[in-house]
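> okay, sequence plus prediction incoming.
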Amino acid sequence: MLNHVIFSEMPERISFFALPDGTADVFLRKNIRELASEAAEENEAGESIETDSTGTTGATDSTDTTGATGEANESAAAARWEADEAYMRCEHSLAEIEADFDAAFALAAEWKQGGNEARQASEAERIELLERENAELFRQLTDAQLALCELYESLI
């Protein structure tokens, strides 16, 4: 699953979260770059036009968040980072992913949640299974009741 994401601080290239079942949630990032914050320009409407290193521009409201000084605006205009991020859940180890990052990134970019995991039974299949199990339990209960009746009759 591939996304274009923005961070408030420089992201790690690999975020690896091991899960109890032996799989791991893995976030892989490529093309990590800092967005240029010095390129903000004021237009007549009071919006700043920010240009990142790729030339993309976006309008943001430049309202003073401090009420008195522009110090908070400077920190709000601090470095931002962008990256192409791919996610997957897999059984690979961190060492395997680090060894062949490009192949892992390509695999993660194509990964679809649910599509790569074991196929779960459809609702109709689950209902059919429950009905069969219910019928078997009913049969076992009936057999036990008949056995109790026979035992009771033999005692009388």
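Right, received. Where do you want to start?
> dig out what the residue lying closest to Phe7 once chain neighbours are set aside forms beta bridges with.
On the basis of CB to CB, 6 or more residues apart in numbering, the spatially nearest residue to Phe7 that is not a chain neighbour turns out to be Trp81, at 4.4 Å. C-beta: built from backbone N, CA, C; applies to glycine. Counting by DSSP bridges, Trp81 is bridged to Phe7, Glu34.
> so where's this protein shaky on pLDDT?
Filtered on pLDDT under 70, the chain yields the residue ranges 37-78, 114-121.
> circling back: who are the contact partners of the residue nearest to Phe7?
For Trp81, the contact set (CB atoms under 8 Å, 6 or more residues apart in numbering) comprises 6-11, 32-35.
> tell me the spacing between it and Trp111.
When CB to CB, to the nearest Å is applied, the distance between Trp81 and Trp111 equals 23 Å.
> restricting to C-alpha, output the strand or helix carrying Met88 in CSV.
Using DSSP states H and E, Met88 falls within strand 80-90. Once side chains and other backbone atoms are set aside, the C-alpha atoms of strand 80-90 remain, and they are given as CSV (Å, rounded to 0.1, in the frame of the first residue of the first chain):
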residue,chain,number,x,y,z
ARG,A,80,8.5,19.5,7.5
TRP,A,81,9.4,16.3,5.8
GLU,A,82,7.7,14.3,3.0
ALA,A,83,8.3,10.8,1.8
ASP,A,84,6.8,8.0,-0.3
GLU,A,85,5.6,5.4,2.3
ALA,A,86,4.7,1.8,1.6
TYR,A,87,3.1,-0.4,4.2
MET,A,88,2.7,-4.2,4.5
ARG,A,89,2.2,-6.9,7.1
CYS,A,90,4.7,-9.7,6.5
